[in-house]
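J.: Give me a 3D structure for the following:
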Amino acid sequence: MTTIKPWPRPDQSAKAAGLWLVLVAAVVVAMVVVGGATRITGSGLSITQWDLISGVFPPSSHSEWERVFGLYRATPQYRLVNSGMSLAQFKSIFWWEWGHRFLGRLLGVVFLAPFLILLALKRLPRRLIWRCVQLFALGALQGAVGWWMVQSGLEARTSVAPERLAAHLSLALLLFVGLIWTALEAWFGQRRLAGQGRSGWIWPSAVFAAAVYVQCLLGALVAGNHAGLVDADWPLMGGRLIPSDYWRGSLWATVAHGTAAVQFNHRLWAYALLIAGACMVAASLRHRSRPLRPLIWLIGALLAAQVALGVATLLLTVPFPLAMLHQFTAVSILAFATALAWRARRILEVL
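T.: Below is the predicted model:
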């Protein structure tokens, strides 16, 4: 008879490290969602300078507000899109970008301070120390790429370059996945190889998690090109199965900058994920998949809800609440897909 080992017992000595990493991951989620709001409100170019320390504090006087507003008035976005904007209107977009940057700084503090404390108290498993150092470096790189992204919209564009937006999000989500994975490693302890045989879900779950990650980046290209505002019909696009303006003359122009193309690609990948999720739910009905069944069914339900949200967001011309919920659900699916891939590696069949 085949039995399957349950979830491993928590590693009591590293519980604090696991909770800390989950907290850091929650800050990353907040950053991603506020970053999405910053993009939708057109706020990402409202702060034209990067000051790591002094930038923590927003303008505190009318003259300081006028100085910051004057810097923004020199940008192409102001001249071509927001000409005539009042100071009060500027403040409404400034706070979104300032909040996003503040969360980035907070992320560094929330990561580094507990990391040093746990090291001093010897409550961080030695096997995870180097990985945490790498995660911190990845967070720093993500911040640098964020400023590189902003620079693309300060000289000749009225918004940031879509490919730089996708690169910025890709590092944020890679950091998020790393935090979730490492938190699970800290909470449940080092994997112990025992028994005979392994779960057949190892590669399927890993490929699925990677596909969810790719879909998030395709969504970033949709956002960066404002492609959610074109071909706002469904299931067709502009009344056609394949949009007539899909090809833009070159592969790069089509994949990265074609508004119809990036939306079409995002749709197709969503359908593929939905089908994959349905297949996973069906496969989970087997006895040997019982430990993974709750996660798989949760992912399947979230995928169905996400597709419905995406269609509604498109048909209603990207209303702010739905767009934010759509982004939050995407990150949630990525989190559970990561947990599924991690869990699949822990299932060892005892024959």
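
J.: For V110, what are phi and psi?
T.: phi -60, psi -30 (degrees, to the nearest 10).

J.: OK, contacts around it?
T.: By CB atoms under 8 Å, 6 or more residues apart in numbering, V110 lies in contact with L23, V24, V27. Any C-beta I mention is one placed from the backbone N, CA and C, and that applies to glycine too.

J.: run the last query once more with 10 Å
T.: Residues near V110 by CB atoms under 10 Å, 6 or more residues apart in numbering: W20, L23, V24, A26, V27, V28, L103.

J.: What is the nearest of these to S244?
T.: Comparing the contacts of V110 against S244 with CB to CB places V28 closest, at 39.1 Å.

J.: which one is that closest one nearest to, not counting chain neighbours?
T.: Nearest residue to V28, sequence neighbours excluded (CB to CB, 6 or more residues apart in numbering): F176, at 4.6 Å.

J.: how near is the one you found to L292?
T.: For F176, the distance to L292 (CB to CB, to the nearest Å) stands at 21 Å.

J.: count of neighbours near P58?
T.: 15 (other CB atoms under 10 Å).

J.: what do you get for H100?
T.: With other CB under 10 Å as criterion, H100 counts 23.

J.: Next up, the contacts around it.
T.: Shown in contact with H100 (CB under 10 Å, 6+ apart): 30-39, 43-44, 47, 146.

J.: could the contacts of V110 go into CSV alongside pLDDT?
T.: Shown next, in CSV, are the contacts of V110 (pLDDT from 0 to 100):
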residue, pLDDT
W20, 95
L23, 96
V24, 97
A26, 97
V27, 97
V28, 97
L103, 95
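
J.: Among these, which one sits closest to E185?
T.: Distances from E185 to those, taken by CB to CB, are shortest for W20, at 12.9 Å.

J.: Am I right that E64 is in contact with L71?
T.: No: proximity of E64 to L71 does not meet the contact threshold set by CB atoms under 10 Å, at 11.2 Å.

J.: Now intersect the contacts of H100 with the strands, please.
T.: Of the contacts of H100, none are assigned to strands by DSSP state E.

J.: Now the residue nearest the centre of the chain. Nearest residue, chain neighbours left out?
T.: Residue closest to the mean C-alpha point of the chain, counted by CA atoms, centre = their mean, is L173 at 4.2 Å. Take L173 and drop its neighbours on the chain: the residue closest to it by CB to CB, 6+ apart is C216, 5.7 Å away.

J.: tell me which element that neighbour is part of?
T.: Assessed by DSSP states H and E, C216 sits inside helix 202-224.

J.: right, and the helix or strand after that helix?
T.: For helix 202-224, the succeeding helix or strand toward the C-terminus, using DSSP H and E, is helix 251-257.

J.: mind listing what E155 touches?
T.: Here E155 is in contact with T75, P76 (criterion: CB under 10 Å, 6+ apart).

J.: can you confirm it is in a helix?
T.: No: looking at E155 with DSSP: H, G, I helix; E, B strand; the rest coil, it is coil, so not inside a helix.

J.: Can you give the domain ranges for the protein?
T.: Annotated domains of the chain cover 1-190, 197-351 [automatic domain parsing].

J.: Tell me where the stretch 1-150 of the chain has helices.
T.: Taking DSSP state H, counting those that start in this stretch, the helices of the stretch 1-150 of the chain run over residues 15-40, 62-73, 76-80, 87-121, 126-151.

J.: And the second one, what's buried?
T.: To tie it back to what came earlier, the one meant is helix 62-73. By neighbour count on 16 or more other CB atoms under 10 Å, the buried set for helix 62-73 is W65, V68, F69, Y72.

J.: how close does G35 get to T41?
T.: 11 Å.

J.: let me fix that: L107
T.: Taking CB to CB as the measure, L107 falls 21 Å from T41.

J.: pLDDT averaged over stretch 80-94, what's the number?
T.: Per-region confidence: stretch 80-94 scores 94 on mean pLDDT.

J.: Start and end of that stretch, how far apart?
T.: 18 Å (CA to CA, to the nearest Å).
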